[in-house]
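Undergrad: Okay, structure incoming, though there's no sequence with it:
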């Protein structure tokens, strides 16, 4: 009986997923390689051919530093497959910083938009452009209509999009939309780093990450670290072939950073 109910539930979930994506599936997923995270995501990884929201808190809502670094690490494996378009409203994206995180800056196409409407329009066009593997856009909010347009653009060629929620010039925050067409929503904050064993100074960047919303999956919270080989001379470099540029920090070493039930060992 339980097996029969499980098969029916799986079939229902597949039907819902097909309805959400307009019947188009098969774009694949990008696994983190950490079972604790991949188990929360539908299909065992970050869905491709969809768009995802990344935001911060406090000053990060204006600077967008930690969300941008986290997004660059998420998008790096995709950017190695084609061009990466990054749409900004404030011209402060620093390509050498992205390269230091292992993002292929040579594939970066940066576009500076005049306002949010133009930024969303550029994202929509870029998502449907041949040769583009991923698109990142910095906007304050995406309403349901704009979100559905972005999703339709993702589905045309299976391109993956990332929206960094940012108010680049400060001001009063806009009221959040009641719903969203994004596949996932992440909240990212900086976390204290640790240098490599027997060394002094700073270690690889760490992020306190909360998966607040996930279509077809479930939420979770972890501390993640840039997984590239660290050295004082080369910063973080690129990860080994097939490895995700973000890795889960073991809970034992971070009991002071987050509650034990928020961290799960890989």
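TA: Structure's in. What do you need? Since the model is a prediction, treat every value here as computed from it, not as a measurement.
Undergrad: thought residue 54 was touching residue 73?
TA: No - using CB atoms under 8 Å as the test, residue 54 is too far from residue 73 to be in contact (10.7 Å). The C-beta positions use only the backbone N, C-alpha and C, and glycine is treated the same way.
Undergrad: these two touch, right, residue 218 and residue 38?
TA: No - the criterion here is CB under 8 Å, and residue 218 misses it with residue 38 at 11.7 Å.
Undergrad: Neighbour count: the two, which is higher?
TA: residue 38 (19 against 11; other CB atoms under 10 Å).
Undergrad: Please name the nearest non-neighbouring residue to the more buried one.
TA: residue 44 (4.6 Å; CB to CB, 6 or more residues apart in numbering).
Undergrad: name the element that neighbour belongs to?
TA: Counting by DSSP states H and E, no helix or strand carries residue 44.
Undergrad: Who are the contact partners of residue 185?
TA: Residues near residue 185 by CB atoms under 8 Å, 6 or more residues apart in numbering: 52-55, 211-214.
Undergrad: any idea how far it lies from residue 249?
TA: Going from residue 185 to residue 249 by CB to CB, to the nearest Å gives 22 Å.
Undergrad: Equivalent analysis for residue 156, please.
TA: 37 Å.
Undergrad: One more: residue 28?
TA: Using CB to CB, residue 28 is found at 26 Å from residue 249.
Undergrad: between those two, which one's more packed in?
TA: A direct count of neighbours by other CB under 10 Å for residue 28 and residue 249 places residue 249 higher, at 24 against 14.
Undergrad: The closest residue in space to the more buried one that isn't next to it in sequence sits in which helix or strand?
TA: Excluding its sequence neighbours, the residue lying closest to residue 249 (CB to CB, 6+ apart) is residue 223, at 4.3 Å. In this assignment (DSSP H and E), residue 223 forms part of strand 220-226.
Undergrad: just checking, residue 68 touches residue 165?
TA: No - counting by CB under 8 Å, residue 165 is not a contact partner of residue 68; they are 11.0 Å apart.
Undergrad: I'd say residue 127 and residue 158 touch.
TA: No - if you go by CB under 8 Å, residue 127 and residue 158 don't touch, sitting 9.7 Å apart.
Undergrad: When the two are compared, which one has more neighbours?
TA: residue 127 (27 against 15).
Undergrad: can you pull out the strands in the protein?
TA: 29-30, 46-47, 51-55, 83-88, 108-112, 132-139, 160-165, 184-191, 206-214, 220-226, 246-248 (DSSP state E).
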